[in-house]
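1. What follows is a predicted protein model with its sequence.
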Amino acid sequence: MFAISLGDDGAELRPLEPWHAEEFLAHMDRGRDFIGQHIALADAVTDPVSSQAFLRMYAEKAAADTGRIYGIWAEGALVGGVLFRTMDVHLGVAEAGCWLEPSAVGRGLVTRAARVIIDWAIEERGIHRVEWRVSADNTASIAVAQRLGMVRDGVLRESYPYRGKRLDMEVWSILAPEWRDTTQQSQAM
């Protein structure tokens, strides 16, 4: 197994695999209400069987090269994650996403972790466009998209049914040349 340091605070990014199902469920239980405000992950992972199935689904996506999931560990505990919900290497398009439990909010963990996976997707897998789809009400996730240098492409009005309501979804994206320019500028500073 590998771990990538996310900075001087000891936080790490690691693959989130089916054998993490128990830890993943405990993490979800700690953050369920917070995480569930905007994304269905909290409703999808509710017991050991669903936790195992969710992580197995991403293991299968990784094997098929159509998605990936990574956990963020801080002080030895799983506190959130980032993923490629979809990834089409042939078309060069991937959709990234994130989640975080309340104990880890405000530390820049998601932004740092997303930078790692986006850089990998663009530089190693040849992805040309990385998308970030987010509820228009999820200001924290929109702020991450902005910090990553993404551009707001538009709003898909009432496109996402969630807990009895239809949510507006914003689509943000960054293209490989923009990512490289942003990365070079930040390294020059």
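-> Now that the structure is in, tell me what you want to look at. Residues are numbered from 1 along each chain as shown.
2. List the buried residues in the longest helix along the chain.
-> Ranked by number of residues, the top helix in the chain under DSSP state H is helix 48-64. Going by neighbour count (16 or more other CB atoms under 10 Å), the buried part of helix 48-64 is 51-52, 54-55, 58-59, 61-62. Where you see a C-beta, it was placed from the backbone N, CA and C, and this is true even at glycine.
3. who touches that helix?
-> 15-18, 20-22, 24-25, 28, 41, 44-45, 67-69, 83, 87 (CB atoms under 8 Å, 6 or more residues apart in numbering).
4. And for stretch 26-35, what's in contact with it?
-> 41-42, 45-46, 51, 77-80, 99-103.
5. Just give the nearest non-adjacent residue to residue 7, would you?
-> Closest residue to residue 7 in three dimensions, ignoring its sequence neighbours and counting by CB to CB, 6 or more residues apart in numbering: residue 112, at 6.1 Å.
6. err, residue 102, not the other one
-> In space, residue 102 is closest to residue 34, 4.7 Å off (CB to CB, 6+ apart).
7. got it, and residue 114?
-> residue 82 (5.2 Å).
8. and what of residue 175?
-> Closest to residue 175 by CB to CB, 6+ apart is residue 129, at 5.5 Å.
9. thought the one you found was touching residue 178?
-> No. Counting by CB atoms under 8 Å, residue 129 stays clear of residue 178, with 9.7 Å between them.
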